[in-house]
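Participant: turn this into a model:
(2 chains)
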Amino acid sequence: GAVVSQHPSWVICKSGTSVKIECRSLDFQATTMFWYRQFPKQSLMLMATSNEGSKATYEQGVEKDKFLINHASLTLSTLTVTSAHPEDSSFYICSARATGRANTGELFFGEGSRLTVL
Amino acid sequence: AQSVTQPDIHITVSEGASLELRCNYSYGATPYLFWYVQSPGQGLQLLLKYFSGDTLVQGIKGFEAEFKRSQSSFNLRKPSVHWSDAAEYFCAVGDTGTASKLTFGTGTRLQVTL
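Facilitator: Okay, here's the model as predicted:
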């Protein structure tokens, strides 16, 4: 099946610094990618929809200036947590949907990135 | 707005026993429904999905789910559970416009005893 890779798998940073998480579709092109946040023992909450070549669409309550999303190519979306604070510590998961004829309706998920802010 | 309810937070079954995980959804039209499995510290793997057609859907790893419109349910079943099935299971509903903007349930943690 299609593969979505996230990097880094885990990151520890100091409060006030910024962290970038990459989401790559390895064997397919993805016009649209999605970023989720998962708190311990809780469900996934959609943060934003990342659109290649255009601005991301953020869900209500998600600060777009804090969670910067860039989708510069058909295989890469990045999430940057700016001025991170301990409350931003979480498990971030991306997903991608194949474009065009390769689109089966299925979303492929990355393995997730665990962020810990000290 | 669409929503998903998974009534069981935690279920424990013996290996070899049958399994049913419950999922109820709320959506105005015919929904797109999904079951995902997540192992600790991992991403999500799709077990099966329902878009239309036969209401009994077969998935990977011996799982199946049945869409019951009258009950707004999409319960996941497996006739014989293996210890490797221990994980977190999420039911999700997608809007018929894109099928990609998913709303997840709170998950059911499955524990398998030997």
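Participant: I'd like to know which helix or strand in chain B has the lowest mean pLDDT.
Facilitator: Taking mean pLDDT, DSSP states H and E as the measure, chain B has strand B:102-104 as its least confident helix or strand, at a mean of 89.
Participant: just checking: what are the partner strands of the helix or strand that it is followed by?
Facilitator: As assigned by DSSP states H and E, the chain's next helix or strand after strand B:102-104 is strand B:108-113. Next to strand B:108-113 in the sheet, as set by DSSP bridges, lie strand B:10-14 (parallel), strand B:87-94 (antiparallel).
Participant: list the buried residues for the shortest one?
Facilitator: It stands for strand B:10-14. Neighbour-count burial for strand B:10-14, counted by 16 or more other C-beta atoms under 10 Å in any protein chain shown, picks out B:11, B:13. Yep, even glycine has a C-beta here, placed from its N, CA and C like the rest.
Participant: and that strand, how far from the chain's centre?
Facilitator: Its chain's C-alpha centre and that of strand B:10-14 lie 15 Å apart, by C-alpha atoms, centre = their mean, to the nearest Å.
Participant: residues contacting the residue lying closest to residue B:62 once chain neighbours are set aside?
Facilitator: With sequence-adjacent residues excluded and distances taken as C-beta to C-beta, 6 or more residues apart in numbering or on different chains, residue B:62 is closest to residue B:78, at 5.5 Å. Taking C-beta atoms under 8 Å, 6 or more residues apart in numbering or on different chains, we find residue B:78 in contact with B:18, B:19, B:61, B:62, B:63, B:64, B:85.
Participant: nearest to chain A among these?
Facilitator: Nearest to chain A out of the contacts of residue B:78 is residue B:61 (C-beta to the nearest C-beta; 13.5 Å).
Participant: so residue B:61 sits in a strand?
Facilitator: No: under the criterion used here (DSSP: H, G, I helix; E, B strand; the rest coil), residue B:61 is helix, not part of a strand.
Participant: contacting residues for it?
Facilitator: The contact partners of residue B:61, taken as C-beta under 8 Å, 6+ apart, are B:37, B:47, B:78, B:85.
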